[in-house]
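Colleague: need a structure here:
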Amino acid sequence: MDETESSKQKKLRTGDHPPTNPAATLLTDDLVVEILSRLPAKSLHRFKCVSPSWRDLIAHPAHRKKLPQTLAGFLYGTDDSHFANVSGGPAPLNASVPVLLDKYLHLDTCNGLLFCLCYSEPPPTSSTTEFDSHYIVCNPATERWVELPPHPRAEFNSICRTPRLAFDPAVSPHFHVLEFEETDRRKHITGLNIYSSKTGAWNHRGSELGEEVALFSGITSAYLGGMLHLLGMLPMNDFDSVLVVVDMEGKVWKTIHVPHGFSFGTLFGTIALSQGCLHYANTIQAPTSKKMKKKDALSLAPKIALWYLEDYDSKEWVLKHSISTDKLFSRNVMEFKVAAIHPDCDTVFSLSCETGRLASCDMRRQKFHILNLEKSMTWDLLPYVPLFSDSLAEAVGQ
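Modeller: As a prediction, the model looks like this:
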């Protein structure tokens, strides 16, 4: 007797093998997608191997809005834009998207949104030589964008500014831009300009930090629990490295000290929200014994260390993994830096400025994988996780 259409569909869904659990065959594709949407991205992508039908369900464009996405790659480059694909699949970015053109300076990314400074040269007939510029926030996956209005303090040219993006689609479709102000003369945070996409307006707040903190430039932020985290240092305290933490209203400020490593200070650290908690990675010099002299320890190959904040309230960091870099790039700690942390696993990405190579360091398995970048001499990588939902609540153009 011929198989019914329903029976054929059940076989397809289970990979053409007899199901081990007959109840599973009663699940429709919509129910399977709904269940998969509740999983973390790492588990979801592992389930592509369950069967051909699950692989097709997960990869289908119609389901991408519901399913969590993992790290696709990195935007990098200053004079022009490039994308380093680390997912192994097709590039998720359309090269013709306007924000990937050279008139856009990429400043930050956060949960699928890209934060840029758009600038243009003055017309040839103009008497001024100043560039016209404004901020935009874009979702490259949907090609929708929002242009931010200028804030009232834009004319304060003596102030250094560090703008960052804060966005969590699981909490709200709205985003915030936080622009930290620092003095030119004695560089430290003095205030904060805050833009909310919900109100469409800027607000200014003075710094509530109890100590002078200077921000590191060119380092991405981490948004967790309604608080933005950035790396900074204490010029008045031997340049100790700290996290600057602030809420979206600029009312709550605090600092969290980060690990210095085993011995002689912290070099080229980065932070990220990974696997649900705050992680920090840095490059350290690790002596083999406490009696080893400093000059001898510095001749050793440096290590990459991965830490996580086990207890946010007590600010206690725990060393999760470390890996020797004796087979990575070179033995010169100044030649490369820790550039990013994978959001779904214990993988740290290190960047060589001199050779234009990106190393994926699997900290748990102690393995390296080298990628050659199209453009060398870059120190900044912006991680990109696609967001296929229409997240920009007040999009004004495309």
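
Colleague: residue ranges with poor pLDDT in the stretch 101-250 of the chain?
Modeller: 101-102, 120-131, 154-158, 184-186, 217-218, 236-239 (pLDDT under 70).

Colleague: change it to 90
Modeller: In the predicted model of the stretch 101-250 of the chain, residues 101-107, 117-134, 140-145, 150-161, 169-171, 173, 182-188, 210-212, 214-220, 232-241 satisfy pLDDT under 90.

Colleague: contacts only, for the nearest residue to K367 once chain neighbours are set aside.
Modeller: Nearest non-adjacent residue to K367, counting by CB to CB, 6 or more residues apart in numbering: C361, 7.6 Å away. Every residue, glycine included, has its C-beta placed from N, CA and C. Contact analysis of C361 by CB atoms under 8 Å, 6 or more residues apart in numbering lists 304, 323, 328, 347-350, 367-368.

Colleague: go through the helix or strand harbouring C361 and flag the buried ones.
Modeller: Per DSSP states H and E, C361 falls inside strand 357-362. For strand 357-362, the neighbour count (16 or more other CB atoms under 10 Å) marks 357-362 as buried.

Colleague: could you do stretch 343-352 as well?
Modeller: 343-344, 346-352.

Colleague: can I get these in JSON lines with distance to S207 and secondary structure?
Modeller: Shown next, in JSON lines, are the buried residues of stretch 343-352 (distance: CB to CB, whole Å; DSSP: H, G, I helix; E, B strand; the rest coil):
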{"residue": "P343", "distance to S207": "29", "secondary structure": "coil"}
{"residue": "D344", "distance to S207": "34", "secondary structure": "coil"}
{"residue": "D346", "distance to S207": "35", "secondary structure": "coil"}
{"residue": "T347", "distance to S207": "35", "secondary structure": "strand"}
{"residue": "V348", "distance to S207": "31", "secondary structure": "strand"}
{"residue": "F349", "distance to S207": "32", "secondary structure": "strand"}
{"residue": "S350", "distance to S207": "33", "secondary structure": "strand"}
{"residue": "L351", "distance to S207": "31", "secondary structure": "strand"}
{"residue": "S352", "distance to S207": "36", "secondary structure": "strand"}
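
Colleague: tell me where the stretch 251-398 of the chain has helices.
Modeller: 294-297 (DSSP state H, counting those that start in this stretch).

Colleague: give the residue spans of it that score low on pLDDT.
Modeller: In the stretch 251-398 of the chain, residues with pLDDT under 90: 259-269, 276, 282-304, 310-315, 323-339, 350-359, 368-381, 386-398.

Colleague: ok, and the closest non-adjacent residue to R161?
Modeller: Nearest to R161 is E179, by CB to CB, 6+ apart, at 5.3 Å.

Colleague: do the same with I35
Modeller: Nearest one to I35, counting by CB to CB, 6+ apart, is L27 at 7.7 Å.

Colleague: from V50, how far out is the one you found?
Modeller: Distance, L27 to V50, by CB to CB, to the nearest Å: 12 Å.

Colleague: same for the host helix or strand of V146, what does it pack against?
Modeller: Using DSSP H and E, V146 maps to strand 144-147. Packing partners of strand 144-147 (3 or more CB pairs under 8 Å, 6 or more residues apart in numbering; DSSP states H and E): strand 132-139.

Colleague: what's the strand it packs on packed up against?
Modeller: strand 113-120, strand 144-147, strand 175-183.

Colleague: now with 6 Å, please.
Modeller: Packing contacts for strand 132-139, counted by 3 or more CB pairs under 6 Å, 6 or more residues apart in numbering; DSSP states H and E, involve strand 113-120, strand 144-147.

Colleague: helix or strand: which one has the nearest residue to D390 once chain neighbours are set aside?
Modeller: With sequence-adjacent residues excluded and distances taken as CB to CB, 6+ apart, D390 is closest to T142, at 5.9 Å. Using DSSP H and E, T142 sits in no helix or strand.

Colleague: count the neighbours of T142 for me.
Modeller: As a burial measure, T142 scores 19 neighbours (other CB atoms under 10 Å).

Colleague: try P383
Modeller: For P383, using other CB under 10 Å, the count is 20.

Colleague: was I right about it contacting A339?
Modeller: No: between P383 and A339 there is no contact under CB atoms under 6 Å: 9.1 Å.

Colleague: tell me the domain ranges of this protein?
Modeller: 5-63, 78-211+380-398, 258-379 (automatic domain parsing).

Colleague: before we move on, back to that, and the furthest pair within the buried residues of stretch 343-352?
Modeller: D344 and S352 (24.2 Å; CB to CB).

Colleague: what separation do you get for F368 and G73?
Modeller: For F368 relative to G73 (CB to CB), the value is 18 Å.

Colleague: so for those two, which sits in the more crowded spot?
Modeller: Neighbour comparison, F368 and G73: the larger count goes to G73, with 24 against 16 (by other CB under 10 Å).

Colleague: quick one: the more buried one from D29, how far?
Modeller: From G73 to D29 the distance is 29 Å (CB to CB).

Colleague: related to what we said a few turns ago, adding distance to F167, write the buried residues of stretch 343-352 out as a markdown table.
Modeller: Formatted as a markdown table, these follow (distance: CB to CB, whole Å):
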| residue | distance to F167 |
| --- | --- |
| P343 | 14 |
| D344 | 18 |
| D346 | 24 |
| T347 | 23 |
| V348 | 23 |
| F349 | 22 |
| S350 | 26 |
| L351 | 25 |
| S352 | 30 |
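
Colleague: of those residues, closest to W202?
Modeller: P343 (29.4 Å).

Colleague: what residues are bridge-paired with the spatially closest residue to that closest one that is not a sequence neighbour?
Modeller: The shortest distance from P343 to any residue other than its chain neighbours is 5.3 Å, reached at S274 (CB to CB, 6+ apart). Beta-bridge pairing of S274 under DSSP bridges involves C277.

Colleague: I figured S274 hits I341, correct?
Modeller: Yes: here S274 lies in contact with I341, judged by CB under 6 Å, at a distance of 5.2 Å.

Colleague: of these two, who's got more company?
Modeller: When S274 and I341 are compared for neighbours, I341 comes out ahead with 28 against 24, by other CB under 10 Å.
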